[in-house]
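Peer 1: Using only what follows, build the 3D model:
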Amino acid sequence: MKRLALTLFAAVAVVFGTLGVADAATTTWGNAQAVPGLGALGNDGSADADLILCPSNGICSVLGSFSIPPGVRQGFNANYLEGLWADASEIDGLAALNTGGNVDIQKGTCAPDNYCAVVGTYSSGISEQQGFVLTSDGTPAIPIPGLIALNTGDDANTKGVACSSTGNCTIVGTYSDGVNDLPFIADQVDGIWQDAGTYGVPGVLDSVSCSSDGECVAAGALVVGVQLVPVAIIRSGGIWGTPTNIPGVASIGSGEGSITDVACPATGTCFAIGTYTNGPGSSSIFVTSLSSGTWSNATQLPGYASLDTQGYPGVTGLSCWSATNCLGVGEYSDVIGGHTWTAEVVGGTWASATELPGFSALSSNGTSHTTSMSCASDGMCAIVGNYVDGAAYEGFVAMRDPNGTNGTIADAIAIPGLAALNVGGYGDPKSVSCTVGWCGISGFFAGDAHYQPFVATFSFTPDQEPTTTTTADQSVAPAFAG
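Peer 2: Residues are numbered from 1 along each chain as shown. Now for the predicted structure:
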């Protein structure tokens, strides 16, 4: 059985774009297709593409898990290059760790210099769940250093990973001491992983963002008294500080809540979004920002209260493309069901949340479920999820045009080609990754008898002035070998 490690692609030139005048945003869609090659790995029919990373135009890597008899779950990766998906291969080193047979690919990221990291969990025995990390330097997957010693309750989860440059990443997540779940932080410094550390307080760290080497923010919630309260932890000069309670949460609700996502587009500048309890059985969404070392008072996301009539909020993601411009995406509920909201930070200030358009025409009941979002450095963004179409669940994608009026978000559309694969009626995009002019989507669909992984790629030319054909610079483009 072939096992391949992460490697670096050599120089590759992928040409894409348009010639002449682009009067409106143009998207060139590729049809969704099944990930090839899983049968050769012994897959018995059930598999899932949990994560896709597209660090450069025309280059993507998809990672997921597949089952082999008798009920063992292993990890795979497959790579897209020059218009073709290579056959899936086992993730190097992971099967040797995964003696209990249960792999879960959870999070991934790429630094601006295309160095990538992927984290997830594996089983080292019956009911034992540990964390692993895989990086794009050609080394195999390894246990997160120091985490096994902390995780005496054998229940670890990776919640977030951020990389600022080659060899400099941070992982956050949780472990169990046998009684409580506690958060951990693990740093990679100049290519060397430091042992995972903890503050020894029950809670969770759900997200981390690094603006440069040694400058990061981790965020989530810690138990204070009898409440789980939103906190953020600043790393400056490579040193982690003490957790800071986000101010103002008690003024808008019960004081209980958690930061779901944080984005730091510049050192000392961060935006965070999360949920808080605002009444018996009811929650809402708050936002806060970091400036000059101080977090602003939490406030309810503008416009959200008029959307959510049932008090069941969700945050899918937050991404920034400049120090003052970001996009947040999530879910809200009404008497019909779930819907997708979007809200932008414009000039450092949150604008009102609005419903993602297009579902009145796309969905048989107008509802949607959002699973992933990604923004490129020019403000081009993609949002994916699923919607109800009669008795079936199908996948959607919606694009933000950075040059449209106020960053126009187009109507959601069905992911091209996915419905033809999804004969069993359950399609679920799980991940989207974008760089300037290019995005990839991964997830799963219901085939004749099993769930199977799919991938799709597309290029995007914004509404713009006349352009000439563009050649993507990929002198050093990391990807997963295949």
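Peer 1: Report the buried residues of stretch 304-311.
Peer 2: Within stretch 304-311, the residues scored as buried using 16 or more other CB atoms under 10 Å are Tyr304, Leu307, Asp308. The way it works is simple: take the backbone N, C-alpha and C, and place the C-beta from them, glycine included.
Peer 1: For those residues, give me a markdown table that also has secondary structure, distance to Ser291 and pLDDT.
Peer 2: Formatted as a markdown table, the buried residues of stretch 304-311 follow (DSSP: H, G, I helix; E, B strand; the rest coil; distance: CB to CB, whole Å; pLDDT from 0 to 100):
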| residue | secondary structure | distance to Ser291 | pLDDT |
| --- | --- | --- | --- |
| Tyr304 | helix | 22 | 98 |
| Leu307 | helix | 28 | 97 |
| Asp308 | coil | 28 | 97 |
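Peer 1: Low-confidence stretches in the stretch 351-482 of the chain?
Peer 2: Low-confidence segments of the stretch 351-482 of the chain, defined by pLDDT under 70: 405-407, 463-482.
Peer 1: mind running it again at 50?
Peer 2: Along the stretch 351-482 of the chain, segments meeting pLDDT under 50 span 465-479, 481-482.
Peer 1: Helices of that one, residue ranges please.
Peer 2: 359-362, 418-421 (DSSP state H, counting those that start in this stretch).
Peer 1: which residues sit against the first one?
Peer 2: In this case it means helix 359-362. His339, Thr340, Gly366, Thr367, Ser368, Tyr387, Asp389, Phe396, Asp411, Ala412, Ile413, Ala414 (CB atoms under 8 Å, 6 or more residues apart in numbering).
Peer 1: Any quick PyMOL command for the buried ones out of these?
Peer 2: Taking 16+ other CB under 10 Å as the burial criterion, the selection of buried members of the contacts of helix 359-362 in PyMOL is written as:
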select buried, resi 339+340+366+367+368+387+389+396+412+414
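Peer 1: one step back: would you list the helices of the stretch 351-482 of the chain in CSV and tack on mean neighbour count and distance to Thr269?
Peer 2: Converted to CSV, the helices of the stretch 351-482 of the chain look like this (neighbours: other CB atoms under 10 Å; distance: least, CB to CB, whole Å):
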stretch, mean neighbour count, distance to Thr269
helix 359-362, 15, 34
helix 418-421, 18, 38
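Peer 1: Looking at these, which is nearest to Leu81?
Peer 2: Smallest distance to Leu81 across the helices of the stretch 351-482 of the chain (CB to CB): 22.1 Å, for helix 418-421.
Peer 1: The closest residue to Gly337 other than its chain neighbours: what's it in contact with?
Peer 2: Of all residues not flanking Gly337 in the chain, Thr367 sits nearest, at 3.9 Å (CB to CB, 6 or more residues apart in numbering). Contacts here follow CB under 8 Å, 6+ apart; on that basis Thr367 touches Ile336, Gly337, Gly338, His339, Phe359, Tyr387, Val388.
Peer 1: Just the C-alpha atoms of stretch 245-259, please, in CSV.
Peer 2: Listed in CSV are the C-alpha atoms of stretch 245-259, where the atom choice follows Å, rounded to 0.1, in the frame of the first residue of the first chain:
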residue,chain,number,x,y,z
ASN,A,245,-12.0,37.9,29.7
ILE,A,246,-13.8,39.7,26.9
PRO,A,247,-15.4,42.8,28.5
GLY,A,248,-19.1,43.6,28.1
VAL,A,249,-20.5,40.1,27.7
ALA,A,250,-22.5,40.4,30.9
SER,A,251,-24.0,43.7,29.7
ILE,A,252,-25.6,42.1,26.7
GLY,A,253,-26.5,38.7,28.2
SER,A,254,-25.9,36.4,31.1
GLY,A,255,-22.1,36.7,30.8
GLU,A,256,-21.7,33.1,29.5
GLY,A,257,-20.4,32.5,26.0
SER,A,258,-17.5,31.6,23.8
ILE,A,259,-15.4,33.0,21.0
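Peer 1: Report the mean confidence score over it.
Peer 2: If you average the pLDDT over stretch 245-259, you get 97.
Peer 1: Buried residues, it. List them.
Peer 2: Asn245, Ile246, Gly248, Val249, Ile252, Gly253, Ser254, Gly255, Glu256, Gly257, Ser258, Ile259.
Peer 1: Just the pLDDT at Ala5, thanks.
Peer 2: What the model reports for Ala5 is a pLDDT of 34.
Peer 1: Roughly how far does Gly311 sit from Ser282?
Peer 2: Plainly put, Gly311 is 3 Å away from Ser282 if you go by CB to CB, to the nearest Å.
Peer 1: Could you single out the nearest of the buried residues of stretch 245-259 to Gly45?
Peer 2: Looking across those and measuring by CB to CB, the closest to Gly45 is Ser258, at 37.1 Å.
Peer 1: how close does Leu222 sit to Leu205?
Peer 2: Per CB to CB, Leu222 is found 9 Å from Leu205.
Peer 1: rewinding a little: what about the contacts of helix 359-362, which are in strands?
Peer 2: Members of the contacts of helix 359-362 lying in strands (criterion: DSSP state E): His339, Thr340, Ser368, Tyr387, Asp389, Phe396, Ile413, Ala414.
Peer 1: The third one contacts Ile336, doesn't it?
Peer 2: So the one you mean is Ser368. No: using CB atoms under 8 Å as the test, Ser368 is too far from Ile336 to be in contact (10.8 Å).
Peer 1: circling back to that earlier point, the helices of the stretch 351-482 of the chain: which one's closest to Ile185?
Peer 2: helix 418-421 (37.4 Å).
Peer 1: mind exporting the closest one as PDB, just the C-alpha atoms?
Peer 2: Below are the C-alpha coordinates for helix 418-421, written out as PDB (Å, rounded to 0.1, in the frame of the first residue of the first chain):
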ATOM      1  CA  LEU A 418     -22.500  17.500  -7.500                       C
ATOM      2  CA  ALA A 419     -26.200  16.600  -8.000                       C
ATOM      3  CA  ALA A 420     -25.300  14.100 -10.700                       C
ATOM      4  CA  LEU A 421     -23.000  12.300  -8.200                       C
END
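Peer 1: The one helix or strand Val133 maps to: how far from the chain's middle?
Peer 2: With the criterion set as DSSP states H and E, the secondary-structure element containing Val133 is strand 128-135. The gap between the average C-alpha position of strand 128-135 and the chain average comes to 17 Å, counting by CA atoms, centre = their mean, to the nearest Å.
Peer 1: Next SSE downstream of it?
Peer 2: Downstream of strand 128-135, the first helix or strand assigned by DSSP H and E is strand 142-143.
Peer 1: which residues does the closest residue to Val204 other than its chain neighbours bridge with?
Peer 2: Nearest-residue entry for Val204: Gly220, 4.6 Å, with adjacent residues in sequence omitted and distances by CB to CB, 6+ apart. In this structure, Gly220 has the following beta-bridge partners (DSSP bridges): Leu205, Val231.
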